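> Give me coordinates for this.
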Amino acid sequence: MNNRLTSIMMTALLIFLLAGACKPTSTPAPPTETPTSLPPTFTPIPPTPIPPTVTPTITPTEPPSGESVFFTSLDMITDTTGWALTTTSVVRTTDGGATWSEVAPNDWSDAMPPTSGFFRNEDHAWLAQTDPVDFERGVFYHTSDGGASWERYDVPFGAGTMSFIDNLNGWVMVGLGAGAGSQAIAIFATHNSGATWTETYRRDTGEQEPAGEIPLGGSKQGITFRDLQHGWVAGSVPADNIVYLYATDNGGFNFQQQDILLPTGITTAMMSLEAPIFYTNLTGVLPVLLFTPDASATVFYTTADGGLTWTPTTPVPVLGRYSAPSLDNYIVWDGNTLYHSSDQGQSWDEVTPDINLDGMIASLDFVDGQNGWVTWMDGSGNAGLYRTIDGGSTWSVPAP
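Down below sits the predicted model:
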């Protein structure tokens, strides 16, 4: 659907992002090193299944003029149905975003930020919340009926970036803490919708780093699997021409660095890679932000062989929010000019939307080349949601 989106995941960084949700969204900056404290040592414990809780459907309510509700994440599944996380809850729409129903689990806690989610289709969604005292513990939820009821599990990890390839098999990458220019992580896998988890990978402080494996250094920004064996972790380091992309072919137990070429005409750049998006078992796209000495750009790398190789397309001369709803359609918007490609990033049309959201875009989500949504917040704390049905030329508050 979207930036199956936007962005990625030490706990300290997640907390920062949620706190930053109350400020305007700025243009992405080059990778930097941010020292934070290291976490205490943690010994995993097996998750304990807890009987499912049922959340009654709440009558949809419409925010005044589509304003004042801030979405920390948005994932539209179709042009009518979608999910979102707000600063306090989980909501769902069936009318294109005009109205939203609260569908949070009964024991949902506003005191357990950060929260992450993965919304696979209209029925299946997963949520993770971090324990407010021990950030290597948390609760995990799964719904198979659109949020009408949820199964809840205590798990040995907090919120993190997720990837589910079907309704049973998924992975979560969580941050274990960070130091100067480094980030410790753990990766867990489930094969029963989240009821039980196995730790498949850990890169922690004080451990030997096997050659070619994911290093402790660098920011890990996302994880994606395309099948039970093949997955990727993407990220960045504040150094020129370093490709922070690591692939596994054994379900996440080992990773090896994967190289990609810079686009034609670019010889030096810092690269910030986002998690790949797969449309089929063979086709997908890898979003990359490039920071050169003279300018910055967004470029989409495509694959036709299941991620074995990645080919750069034509760079877009802006850094902004992006959406890649299909193999053909990519959209990038910096709040001023919107760029749209309908030929897999080979060429781009420049669009000037009828609204200016410079420095205010929180998320951008298209379900096809025409239907898209943008969430925003300005410097005064006003927030809202706009929708387009013409590829981004005109935008309006969704109406029933």
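> Near S396, how many other residues are there?
Counted with other CB atoms under 10 Å, residues neighbouring S396 total 12. (C-beta placed from N, C-alpha, C; glycine too.)
> got it, and A98?
Per other CB under 10 Å, the neighbour tally for A98 reads 17.
> That one against P400, yeah?
Yes - using CB atoms under 8 Å, A98 makes contact with P400 at a distance of 4.5 Å.
> Strands of the stretch 151-300 of the chain, residue ranges please.
Here the stretch 151-300 of the chain has its strands, by DSSP state E, counting those that start in this stretch, at 161-164, 170-179, 182-190, 198-203, 219-225, 231-240, 245-248, 256-257, 270-273, 277-278, 284-291, 296-303.
> Would you single out the least confident of those strands?
Confidence, taken as mean pLDDT, is least for strand 170-179 of these (a mean of 89).
> which helices and strands does it pack with?
Using 3 or more CB pairs under 8 Å, 6 or more residues apart in numbering; DSSP states H and E, the elements in contact with strand 170-179 are helix 11-20, strand 161-164, strand 182-190, strand 219-225.
> Describe which strands it pairs with in its sheet and in which direction.
strand 161-164 (antiparallel), strand 182-190 (antiparallel) (DSSP bridges).
> Mind exporting the C-alpha coordinates of the last one to CSV?
Below are the C-alpha coordinates for strand 182-190, written out as CSV (Å, rounded to 0.1, in the frame of the first residue of the first chain):
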residue,chain,number,x,y,z
SER,A,182,25.7,2.3,17.0
GLN,A,183,22.4,0.5,17.6
ALA,A,184,21.9,-2.9,19.1
ILE,A,185,19.0,-4.9,17.8
ALA,A,186,17.2,-8.3,18.1
ILE,A,187,14.9,-10.0,15.6
PHE,A,188,12.1,-12.3,16.5
ALA,A,189,10.0,-14.6,14.3
THR,A,190,6.5,-16.0,14.7
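> can you tell me which of the strands of the stretch 151-300 of the chain comes nearest to A383?
With distances scored as CB to CB, the stretch of the strands of the stretch 151-300 of the chain nearest to A383 is strand 161-164 (23.6 Å).
> Could I get the buried residue list for stretch 348-357?
Buried residues in stretch 348-357, defined by neighbour count with 16 or more other CB atoms under 10 Å: W348, V351, P353, L357.
> Reformat these as a markdown table; add distance to G265.
Formatted as a markdown table, the buried residues of stretch 348-357 follow (distance: CB to CB, whole Å):
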| residue | distance to G265 |
| --- | --- |
| W348 | 16 |
| V351 | 24 |
| P353 | 28 |
| L357 | 30 |
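> Which of these fall in helices?
In helices, judged by DSSP state H, none of the buried residues of stretch 348-357 are found.
> And the residues you listed, which two are furthest apart?
Farthest-apart pair in those is W348 and L357; separation 19.3 Å (CB to CB).
> mind giving me a markdown table with the strands of the stretch 151-300 of the chain and columns for distance to G335 and mean neighbour count?
As requested, the strands of the stretch 151-300 of the chain are exported to a markdown table (distance: least, CB to CB, whole Å; neighbours: other CB atoms under 10 Å):
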| stretch | distance to G335 | mean neighbour count |
| --- | --- | --- |
| strand 161-164 | 25 | 25 |
| strand 170-179 | 29 | 25 |
| strand 182-190 | 29 | 23 |
| strand 198-203 | 36 | 18 |
| strand 219-225 | 21 | 25 |
| strand 231-240 | 22 | 22 |
| strand 245-248 | 28 | 22 |
| strand 256-257 | 34 | 14 |
| strand 270-273 | 19 | 24 |
| strand 277-278 | 22 | 24 |
| strand 284-291 | 16 | 23 |
| strand 296-303 | 14 | 21 |
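> Need these in a markdown table (columns: distance to A125).
Formatted as a markdown table, those follow (distance: least, CB to CB, whole Å):
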| stretch | distance to A125 |
| --- | --- |
| strand 161-164 | 9 |
| strand 170-179 | 11 |
| strand 182-190 | 14 |
| strand 198-203 | 22 |
| strand 219-225 | 17 |
| strand 231-240 | 20 |
| strand 245-248 | 25 |
| strand 256-257 | 32 |
| strand 270-273 | 26 |
| strand 277-278 | 18 |
| strand 284-291 | 22 |
| strand 296-303 | 26 |
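> So for E151, which of those strands sits nearest?
Among the strands of the stretch 151-300 of the chain, the nearest to E151 by CB to CB is strand 182-190 (11.9 Å).
> sorry, back to before: make JSON lines out of the strands paired with strand 170-179 and add distance to T115.
As requested, the strands paired with strand 170-179 are exported to JSON lines (distance: least, CB to CB, whole Å):
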{"stretch": "strand 161-164", "distance to T115": "12"}
{"stretch": "strand 182-190", "distance to T115": "17"}
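> Which one, of those strands, ends up nearest to T302?
When the strands paired with strand 170-179 are compared by CB to CB, strand 161-164 sits nearest T302, at 19.0 Å.
> what's in contact with that closest one?
With contact meaning CB atoms under 8 Å, 6 or more residues apart in numbering, strand 161-164 is reached by 8-9, 116-118, 120, 124, 126, 128, 170-173, 221-225, 231, 275.
> chain center to it: distance?
Its chain's C-alpha centre and that of strand 161-164 lie 9 Å apart, by CA atoms, centre = their mean, to the nearest Å.
> Kindly report the same for stretch 353-360.
Using CA atoms, centre = their mean, the offset of stretch 353-360 from its chain centre is 22 Å.
> end to end, how far does it reach?
14 Å (CA to CA, to the nearest Å).
> And for stretch 152-163?
18 Å.
> Make 53 the first number, not 1, from now on.
Sounds good: first residue 53 from here, last item stretch 204-215.
> how distant is it from the center of its chain?
15 Å.
> got the buried residues for it?
For stretch 204-215, the neighbour count (16+ other CB under 10 Å) marks R204, Y205, V207, P208, F209, G210, A211, G212, T213, M214, S215 as buried.
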